[in-house]
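>>> dropping a prediction and its sequence here:
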Amino acid sequence: MKKLFLITLISTVLFASCEVYPQDEYEEFYVVESYLVANRKLPQIRLSKTIPALEFYDFQKTSVSNAQVEVRLLESGPKSKTAETFTFRNTLPGIYMPNQAHNVLPSRTYQLYITFSGSQKVVSAQTIVPGSFNIQPGVQSSVVYQSGQQIELTLSKSSYPERQNIFVFNALAQNPIPENLTPIFSEFYQNSEHPEEDLALYANNNSGIINEGNFEVNANGTTTLQFPWLGIAFYGENLIVANTIDDNIYDFVRSQSVQLGGSTLSPGEIQNVIYHVEGGIGVFGALASDTVATFVKRNSFKIK
């Protein structure tokens, strides 16, 4: 079974005007969102427009449905010629689905190219898909929460041009009910002002960005890590998802975290969110992903 982590484009970053771009008057931008996953079918493309910071955001009301959308597989990397073109159709407001069947190729470059009827405007972006990898056999089928035996993952070698791999890990709870919360998350839940919203967030608990240099590299090129207990929010069946991400997702996530308070910098020193999109903002990103299941048992020596 394979799943992938979900990245939410936070409305306070994407759709606010003055916080993102210093300007006297609001300026409208096209917003794109799509994530290619190595060895999986081409994904949908989401297309909309920004709104002023103080207005309520509704995707359907800001969606754009008069666009011609293409994804192009390039021959040999950024700025190379097009090897194959895939067209997309508008199926729902702001949602574009591929017309052709195509599995995303690892370690290849794809270009998003969007034009609009009656306009010279062009929105484009490129992404390099990370090399595919697998979680190796041997992951524990069950573990006792906060015991001496942590969940251990060994990943086959992936690759990305001119840098080490960058990972994001997720624990997807399969029965995310309050009674199954682990102690620290149970305390968060009990003190929450929005318990139902937080419960949904805990059900897809992510690690944030982790560099490959933090892991143990084995002689055969595989990488071994211990999944932290803090990443487990629920007892019971969990899917542990390992993702290696491209530069577009990496730059968006790390710059977004600073905008949302993940920094001690003063407001005047905080950089804008990084969007590798020409003619608009958003994310046209890529990742490779693999998933393994494990059952987290209650620890009789811990508070339940």
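Here it is on my side, so go on. Residues are numbered from 1 along each chain as shown.
>>> contacting residues for the spatially closest residue to Q150 that is not a sequence neighbour?
Nearest residue to Q150 in three dimensions, chain neighbours excluded: Q226, at 4.2 Å (C-beta to C-beta, 6 or more residues apart in numbering). C-beta here means a position set from N, CA and C on the backbone, and glycine is covered the same way. Residues near Q226 by C-beta atoms under 8 Å, 6 or more residues apart in numbering: Q150, I151, E152, L153.
>>> ok, 7 Å please
By C-beta atoms under 7 Å, 6 or more residues apart in numbering, Q226 lies in contact with Q150, I151, E152.
>>> ok, now how distant is E237 from S141?
As for E237, its distance to S141 is 10 Å (criterion: C-beta to C-beta, to the nearest Å).
>>> please apply the same query to L36.
For L36 relative to S141 (C-beta to C-beta), the value is 31 Å.
>>> so for these two, which sits in the more crowded spot?
More crowded of L36 and S141, by other C-beta atoms under 10 Å: L36, with 26 against 8.
>>> I'd guess the residue nearest to Q150 is in a strand, am I close?
Yes: checked against DSSP: H, G, I helix; E, B strand; the rest coil, Q226 lies within a strand.
>>> for the closest residue to T109 other than its chain neighbours, grab phi and psi.
The spatial neighbour of T109 that comes closest, neighbours along the chain excluded (C-beta to C-beta, 6+ apart), is L74 at 4.4 Å. Dihedral pair for L74: phi -90, psi 160, per degrees, to the nearest 10.
>>> residues that sit against both of E237 and S141, list them.
With C-beta under 7 Å, 6+ apart, E237 and S141 have common neighbours F295.
>>> ranges for the helices of the stretch 1-150 of the chain?
11-14, 59-62 (DSSP state H, counting those that start in this stretch).
>>> mean pLDDT lowest where, among those?
Lowest mean pLDDT within those: helix 11-14, at a mean of 38.
>>> biggest strand in this structure, by residue count?
Counting residues, the longest strand found in the chain (DSSP state E) is strand 281-297.
>>> helices and strands around it, which ones?
Contacts defined by 3 or more C-beta pairs under 7 Å, 6 or more residues apart in numbering; DSSP states H and E place strand 281-297 against strand 30-37, strand 122-128, strand 142-144, strand 236-245, helix 247-259.
>>> show me what the second one is packed against.
By that I understand strand 122-128. strand 30-37, strand 109-116, strand 281-297.
>>> ok, which of those comes nearest F169?
Nearest to F169 among these is strand 281-297; the distance by C-beta to C-beta comes to 10.4 Å.
>>> give me the angle between that closest one and strand 109-116.
Per axes from the mean of the first three to the mean of the last three C-alpha atoms, to 10 degrees, the angle that strand 281-297 makes with strand 109-116 is 130 degrees.
>>> returning to that earlier point: ChimeraX command for the buried members of the contacts of Q226?
Restricted to buried positions by 16 or more other C-beta atoms under 10 Å, the ChimeraX selection for these reads:
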select :150,151
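>>> which of the contacts of Q226 lies closest to L181?
I151 (17.8 Å).
>>> report how many residues lie close to the closest residue to G280 other than its chain neighbours.
Nearest residue to G280, sequence neighbours excluded (C-beta to C-beta, 6+ apart): Y30, at 3.6 Å. When neighbours are defined as other C-beta under 10 Å, Y30 has 20 of them.
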